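> sequence first, then the predicted structure, then my questions.
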Amino acid sequence: MLIGKRIKEARLAKGMSQQALGDLLNVSKVSVCGYETGTRTPTLETFLDLIEVLDLEPSYVLGIETSVVSEEGEPYGAKMAKEDFEILNELKNHRSLYNQLCENPKRTVDIIAKKMEK
């Protein structure tokens with residue numbers, strides 16, 4: 001969903017409708033909507049056209065723009081989406097929840113998901 005969110009934000013920032021973007025990419029408005037909602041995945045060719053038309057960095061669209069490991073100011077290793085990094089930082093403010101997630105992530109997320117369904 002992160003990819004779709006970033007595509008939509010960039011499209012709106014350029015003042016484009018889904019139809020206008022679709023016309024530039026030679027795909028339908030329905031396809032653009034699918035990319036934004038995460039129900040469709042663009043082909044590699046369409047993805048390359050998409051990042052060119054919207055003037056985006058591939059790493060940003062894919063959510064891998066934040067280095068999470070660095071040494072003496074030099075980033076290396078894994079990268080993650082800025083939003084994922086913000087989620088982790090916010091979780092650390094809730095020590096008990098953070099500890100539960102560290103001990104048993106699947107069970108804890110399942111509990112949270114069930115509570116949100118109510």
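Great, that's in hand. Numbering: from 1, shown residues only.

> alpha carbons only for contacts and neighbour counts from here, please
Noted.

> ok, now how distant is the residue with the shortest distance to the centre of the chain from Arg107?
Centre of the chain computed as the mean C-alpha position; nearest residue by CA atoms, centre = their mean is Leu2, 2.1 Å away. The gap separating Leu2 from Arg107 is 24 Å, by CA to CA, to the nearest Å.

> now do Glu45
Separation of Glu45 from Arg107 (CA to CA): 39 Å.

> and for Ser17?
Shown here: Ser17 relative to Arg107, a distance of 41 Å by CA to CA.

> ok, now how distant is the residue in the chain sticking out farthest from the centre from Ala81?
Farthest-out residue of the chain from its mean C-alpha position, per CA atoms, centre = their mean: Glu72, at 28.0 Å. Using CA to CA, Glu72 is found at 22 Å from Ala81.

> then Leu97?
Separation of Leu97 from Ala81 (CA to CA): 21 Å.

> more neighbours: which of those two?
Ala81 (19 against 13; other CA atoms under 10 Å).

> give the closest residue to that one in space, chain neighbours not counted.
For Ala81, ignoring the flanking residues on the chain, the nearest one in space by CA to CA, 6 or more residues apart in numbering is Gly63 at 4.1 Å.

> residues touching the residue nearest to Lys5 when sequence neighbours are not counted, list them.
Closest residue to Lys5 apart from its sequence neighbours, by CA to CA, 6+ apart: Glu36 at 6.0 Å. Contact analysis of Glu36 by CA atoms under 8 Å, 6 or more residues apart in numbering lists Met1, Ile3, Gly4, Lys5, Arg6, Ile7, Lys8.
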